[in-house]
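K.L.:
the sequence isn't on hand, but the structure is:
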C-alpha cells in the first residue's frame, strides 16, 4: 500500500483529544472553519504541503493507523487513525467550508470640521471587497496552514457647505511604497482615520498591515484645499 493510500482518512491526536486533519484523495482538510484545504504529496519520506508556501515535514512512521512526523520546530507529532474517530467531529471535516477570518462589513465614520464659515463634513467608509488575502501561520501541531482574509477599500468624501468637493476610493496598492515588497501580498488596508486640518489641508492616517499581526505600516494622506491628495510614509 502506498503512503498516499495509508494517509486516507481522519487523523486524531489522542493526547489533545481532537481531530487534527482529514485526508481525502490528494487533499488535506482541517477541522477548524478558517484553515484552507491544502494539496499534498509524499516525496522522499516527507509530507509536502503545497499551500501559499510549500512546506515539508519528515515522516518518521506511517502505517494504516499510525502517523508520526516532525513539525517545523523539529518536534514529533503522533497521530492515530481509528474507525470511530469521525464520530468525534460534528460533521465530516472535508464537508466544512472554510470562511474568512475578518468579518466582511461596512464601517462608516463622519466628522464635521468648521473652518471659518465653511462647514466641512468628512465621510470615511471602509468597504469590504471580494479580493482574498492569504496569511500563513502555524497551527497547534506546528504545521503551516493558510487562512483567508478579505481586503478593504476605504472611501474618503469631503463635503463643503453641502457641495461634494473631494471623493476617492483608496486601495491597498496605493500604499505599496510604504510596505516592504515581501509583506504587501499578505497585508490588507485596515482603516483610514481623520486627524486634523492645517495650512496643508486635511490630514488622515492610513493603516496597512498583516491581519492579526502585532506590526502594521502607517501612512499619512493629505488632501489639499484644492482637492488633490498625497500619500507619505510615517516614520517608524
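P.N.:
Structure's in. What do you need? The structure displayed is predicted, hence computed values, not measured ones.
K.L.:
what are the ranges of the helices in this structure?
P.N.:
Using DSSP state H, the helices of the chain run over residues 3-7.
K.L.:
center of it - which residue?
P.N.:
Using C-alpha atoms, centre = their mean, the residue of the chain that lies closest to the mean C-alpha position is residue 149, 3.8 Å off.
K.L.:
from what I see, that one and residue 131 are in contact.
P.N.:
No: applying C-beta atoms under 8 Å as the test, residue 149 and residue 131 come out as separate, 9.6 Å apart. (Glycine included, C-beta is placed from N, CA and C.)
K.L.:
mind listing what the longest strand anywhere in the chain pairs with, with the direction of each?
P.N.:
Using DSSP state E to define each element, the chain has its longest strand at strand 118-138. Sheet pairing for strand 118-138, assigned by DSSP bridges, gives strand 107-115 (antiparallel), strand 144-160 (antiparallel).
K.L.:
what does the shortest one rub up against?
P.N.:
With C-beta atoms under 8 Å, 6 or more residues apart in numbering as the test, strand 107-115 has contacts from 119-126, 191, 193-194, 197, 202.
K.L.:
can I get the buried part of those residues as one PyMOL selection?
P.N.:
A single PyMOL command selects the buried members of those (16 or more other C-beta atoms under 10 Å):
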select buried, resi 120+122+123+124+125+126+191+194+197+202
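K.L.:
look up the closest residue to residue 140, ignoring the ones flanking it.
P.N.:
Sequence neighbours aside, residue 16 is the residue nearest to residue 140 in space, at 7.3 Å (criterion: C-beta to C-beta, 6 or more residues apart in numbering).
K.L.:
kindly tell me how buried residue 161 is, as a neighbour count.
P.N.:
Residue 161: 10 surrounding residues under other C-beta atoms under 10 Å.
K.L.:
same question for residue 32.
P.N.:
Neighbours of residue 32 under the rule other C-beta under 10 Å: 16.
K.L.:
repeat for residue 41
P.N.:
Residue 41 has 14 nearby residues by other C-beta under 10 Å.
K.L.:
so who does it touch?
P.N.:
Shown in contact with residue 41 (C-beta under 8 Å, 6+ apart): 4, 26, 48, 50.
K.L.:
hmm, the first one is touching residue 26, no?
P.N.:
If I follow you right, that is residue 4. Yes: assessed by C-beta under 8 Å, residue 4 is found in contact with residue 26 at 7.2 Å.
K.L.:
for the residue nearest to residue 140, grab phi and psi.
P.N.:
Main-chain torsions, residue 16, degrees, to the nearest 10: phi -80, psi -10.
K.L.:
mind checking how far it is from residue 10?
P.N.:
Per C-beta to C-beta, to the nearest Å, residue 16 is found 14 Å from residue 10.
K.L.:
more neighbours, these two?
P.N.:
Legend: neighbour count by other C-beta under 10 Å for residue 16 and residue 10, higher for residue 10 (26 against 10).
K.L.:
circling back: may I see the contacts of strand 107-115 organised as a markdown table, with pLDDT added?
P.N.:
Output for those, formatted as a markdown table (pLDDT from 0 to 100):
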| residue | pLDDT |
| --- | --- |
| 119 | 95 |
| 120 | 96 |
| 121 | 96 |
| 122 | 97 |
| 123 | 97 |
| 124 | 97 |
| 125 | 96 |
| 126 | 94 |
| 191 | 92 |
| 193 | 96 |
| 194 | 96 |
| 197 | 95 |
| 202 | 97 |
